[in-house]
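>>> with the input below, show me the fold.
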Amino acid sequence: MATFVLVPGFWLGAWAWREVTEGLRAAGHQVHPLTLTGVADRAHLAGPEIGLATHTADIVRLIETADLHDVVLVGHSGGGMPVQQAADQLPDRIARVVYLESGPLPAGTAQFDTQPPEEQERLRTLVGDGHLLPPPAWDPATDPVNLAGLDDETLNLLRTRTTGQPLRAGTDPVTLPHGGTVPTTLIVCTFPVQTVREMISQGHPFFAGLAGADVHGLPTGHWPMFSEPKRLTELLDGIGRTVPAGAEQPPTG
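A predicted model of the protein is given here:
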């Protein structure tokens with residue numbers, strides 16, 4: 001059985017992993033869903049100083065304080081950046097990093113750098129003089145691909161429970177000073193698997209860190225913990241049961 005640490009993407013807290021957490025625990029895994037500083041039930045801690053380093057420290061502190069080892073570290077969407085940095089700092093404690101609708105960025109690159117200039121400007125206008133990026137409207141009419149598979153009840157839940165995201169989580173560049181490397185898995189939902197594999201093989205800069213990664217497809221929208229929680233749980237369960245590279249196969253029977 002595996003030890004999972006589940007890191008949500010922007011605007012979400014540990015609550016977003018509820019069904020996945022329950023399913024993985026029922027399968028016998030140890031599961032630690034995490035809320036990052038300044039979001040959800042920790043929104044009261046938000047401030048202009050909260051950024052990517054803070055969120056990385058959240059993950060590192062959890063793993064060290066709980067004395068976790070052989071961790072399957074899952075990062076959804078924007079949660080992939082602090083997961084990437086945490087794995088760089090604690091490679092001996094991480095069995096595998098799973099990027100869910102996410103991926104490792106080149107050192108020196110921020111999440112905002114992956115957006116076209118006009119989108120960056122739009123987002124900064126939304127923030128204004130503040131330090132929080134407001135959640136989206138959760139309107140499938142304007143975002144049908146990302147919101148695919150979400151029913152009205154779930155959309156209303158997201159409108160009610162999502163909170164602002166510390167801006168610096170998206171504008172701080174990734175730093176990887178330790179050079180730690182761990183096995184990597186990518187789960188893609190809104191892109192065809194074959195397209196992603198081609199981009200990896202072509203050395204696309206935003207996919208270069210996934211060379212050699214296991215790639216799985218889970219066709220749905222960008223929020224599979226809500227749209228396909230059972231299938232996502234089954235996929236993570238299978239990944240968690242994989243013996244880490246270099247480990248001895250445990251006896252059976």
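>>> could you use CA atoms for every contact and neighbour count after this?
OK.
>>> now do the helices in this structure.
All helices of the chain, identified by DSSP state H, fall at 18-26, 52-65, 80-89, 117-127, 152-161, 168-171, 193-201, 224-227, 229-240.
>>> show the average pLDDT along the first one.
Spelled out, that is helix 18-26. Average pLDDT, helix 18-26: 98.
>>> could you give the angle of that helix to helix 229-240?
Using axes from the mean of the first three to the mean of the last three Cα atoms, to 10 degrees, the direction of helix 18-26 lies 40 degrees away from that of helix 229-240.
>>> ok, back up a step: in JSON lines: the helices of the chain, plus distance to Pro183.
Formatted as JSON lines, the helices of the chain follow (distance: least, Cα to Cα, whole Å):
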{"stretch": "helix 18-26", "distance to Pro183": "21"}
{"stretch": "helix 52-65", "distance to Pro183": "18"}
{"stretch": "helix 80-89", "distance to Pro183": "10"}
{"stretch": "helix 117-127", "distance to Pro183": "32"}
{"stretch": "helix 152-161", "distance to Pro183": "32"}
{"stretch": "helix 168-171", "distance to Pro183": "24"}
{"stretch": "helix 193-201", "distance to Pro183": "16"}
{"stretch": "helix 224-227", "distance to Pro183": "22"}
{"stretch": "helix 229-240", "distance to Pro183": "11"}
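>>> what's the most buried one of those?
helix 80-89 (a mean of 26; mean count of other Cα atoms under 10 Å).
>>> what does the pLDDT read for Arg96?
For Arg96, pLDDT reads 97.
>>> give the burial count for it, as a bare number.
For Arg96, the neighbour count with other Cα atoms under 10 Å is 24.
>>> got a list of what Gly130 touches?
Pro48 (Cα atoms under 8 Å, 6 or more residues apart in numbering).
>>> how about the one 3 residues further on?
Applying Cα under 8 Å, 6+ apart, one finds that Leu133 lies in contact with 123, 126-127, 164-167.
>>> which of the helices of the chain sits closest to Phe4?
Of all the helices of the chain, it is helix 229-240 that lies closest to Phe4, at 7.9 Å by Cα to Cα.
>>> CA atoms only: put that closest one into PDB for me.
Coordinates of each C-alpha in helix 229-240 appear next as PDB, following Å, rounded to 0.1, in the frame of the first residue of the first chain:
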ATOM      1  CA  PRO A 229     -13.500  10.700  -8.900                       C
ATOM      2  CA  LYS A 230     -14.000   6.900  -9.200                       C
ATOM      3  CA  ARG A 231     -11.800   6.500 -12.300                       C
ATOM      4  CA  LEU A 232      -9.200   8.900 -10.900                       C
ATOM      5  CA  THR A 233      -9.100   6.900  -7.700                       C
ATOM      6  CA  GLU A 234      -8.700   3.600  -9.600                       C
ATOM      7  CA  LEU A 235      -5.900   5.100 -11.600                       C
ATOM      8  CA  LEU A 236      -4.100   6.400  -8.500                       C
ATOM      9  CA  ASP A 237      -4.600   3.100  -6.800                       C
ATOM     10  CA  GLY A 238      -2.900   1.300  -9.600                       C
ATOM     11  CA  ILE A 239       0.000   3.800  -9.600                       C
ATOM     12  CA  GLY A 240       0.300   3.400  -5.800                       C
END
